[in-house]
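Asker: A structural model of the following input is requested.
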Amino acid sequence: MTTRLKFLTIISLTAGISAQAVLIHAQGCSDAGFCTIGNLAQENSDSLSKSPAWTLLLPVGVGDEDVIVFSPGLQFDKRLSARWSMQIKITANHASGNLGKATGPGDFYVSATYQIKKTSSWHPSITLGTKLPLNSGNLKASGTPLPMSYQSSLGTIDFIAGIGISNERWQFAAGWQQPLSGANKNRFLPDQWDNARADNYPPSYDFNRQGDVLLRVDRKINAARSLSLNVGLLGIYHLGEDTYVDTRLRDTPILLDGAEGMTLNATLAAAWAIREKFSLGFSSGVPLLFRDLRPDGLTRKFVFAPEIRWKF
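Answerer: Sure thing, here's the model as predicted:
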C-alpha cells in the first residue's frame, strides 16, 4: 500500500469513528486547552523536529445541542537550546447553534519545555505554561448573553504544568491546569431567553471553573518513512464542582452538581511529511467515558483537527 493510500485510509477510518460517536450521542473531550501544550501533546516524528515551525490549526467539532464549533489557531514552536524549547499559540472561535452565532478571539498560550537528561532510551521532560484569555467569556447574540458552548474562551487566566517521558514507541504524560483568576464574566441564565431551547444549557452567570488533571498514554507508530501515527488514551479529571451565581435565588455561588469527574477519550493523530519542510496532519478523538455535566461548554460529540505545518 502506498503512503498516500495509507494516509487516505486513516482519514476515512477516523471519519467513520467520528460518525459513530455522533450516532451514539457520545460526549467527551472536556479539554481546556492543555492537552496540546508542550510535552502534553501527542508526539510524532514531525513535532520533534529541531527546526522552528509554524502550524496552522483547523479544528472543527460538534458540541452540546449540536452547536457547530470551528476553532482555528496559529502555533509557533522553537528549540532554544539542547534542553529548552518554547511554544506560542493563539486561537479564535466561531460557534453556531440553536441560540444563534458567535465569533471571537480565543486564548493566548505560552509554554516552555525542559528536556531532562535521558535515562537509557527514555526522554523525560517538564513543561510550564499559561493560558491568557483574549475575551471575558461573555459573547452575545442579539444582545443576550450566550451559554459557554458558544464562547471562544473560558475567560480565565490559567496555570499549566506537565511532566512526560517518551521513547521511540511510547509516550506517557501527566498534566495540571488550574484557573487563577476566579469567575469569568459570562452572564448567561436560561430564563433570559424567550426560547425553550435555552433551558437545555447549564447556567453560567459568573461561571467559576475548577481545575483539571490529565493523563496520557500513547503508542507511536512509524507507518512509513514520511508517515507517522500515534494512537492512545487521554484521561481528563475535573477536580471539583463548578459554580455559577443567581442572586435571585441566593447570594452565594451555586454548585453545578455532576461537573466533577473523569472524561476518557481514545485518540488518533497522524503526520505526513510531503516535503522536507512541509507536512500535513490531523488529530481526532472518540469519547469512551464522560462527566455527568459539562457546564464549561467544552463537550464535543466529535472533533476532527487538520494541521498544516511549515518548518524553516
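
Asker: just the CA atoms of stretch 32-42, as PDB, please.
Answerer: Taking Å, rounded to 0.1, in the frame of the first residue of the first chain, the C-alpha atoms of stretch 32-42 are listed here in PDB:
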ATOM      1  CA  ALA A  32      -9.500  23.300  28.500                       C
ATOM      2  CA  GLY A  33      -6.500  23.600  26.100                       C
ATOM      3  CA  PHE A  34      -3.600  21.900  27.900                       C
ATOM      4  CA  CYS A  35      -3.700  18.500  26.000                       C
ATOM      5  CA  THR A  36      -2.000  20.200  23.000                       C
ATOM      6  CA  ILE A  37       0.700  22.100  25.000                       C
ATOM      7  CA  GLY A  38       4.400  21.200  25.200                       C
ATOM      8  CA  ASN A  39       5.000  17.700  26.300                       C
ATOM      9  CA  LEU A  40       1.300  17.100  27.000                       C
ATOM     10  CA  ALA A  41       0.500  17.000  23.200                       C
ATOM     11  CA  GLN A  42       0.600  13.800  21.200                       C
END
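
Asker: assign R197 to helix, strand or coil.
Answerer: helix (DSSP: H, G, I helix; E, B strand; the rest coil).

Asker: quick check on the spatially closest residue to it that is not a sequence neighbour: phi, psi?
Answerer: Distances taken as CB to CB, 6 or more residues apart in numbering put N98 closest to R197, at 4.9 Å, once the chain neighbours are dropped. All C-beta atoms are positioned from the backbone trio N, CA, C, and that covers glycine. The phi/psi pair for N98 (degrees, to the nearest 10) reads phi -80, psi 0.

Asker: residues near N98, how many?
Answerer: For N98, the count of nearby residues is 12 (other CB atoms under 10 Å).

Asker: wait, L293 touches D257, no?
Answerer: Yes - contact criterion CB atoms under 8 Å: L293 and D257 qualify, at 7.0 Å.

Asker: returning to that earlier point: could you check the pLDDT of the residue nearest to R197?
Answerer: pLDDT recorded at N98 is 95.

Asker: do D218 as well
Answerer: On the pLDDT scale, D218 gets 95.

Asker: distance of the nearest residue to W84 once chain neighbours are set aside from F108?
Answerer: What sits nearest to W84 in space, not counting adjacent residues and going by CB to CB, 6+ apart, is Y114, at 5.9 Å. Taking CB to CB, to the nearest Å as the measure, Y114 falls 21 Å from F108.

Asker: ok, S152 next?
Answerer: From S152 to F108 the distance is 12 Å (CB to CB).

Asker: more crowded one of these two?
Answerer: Neighbours per residue (other CB under 10 Å) separate S152 from F108, with S152 holding more: 23 against 15.
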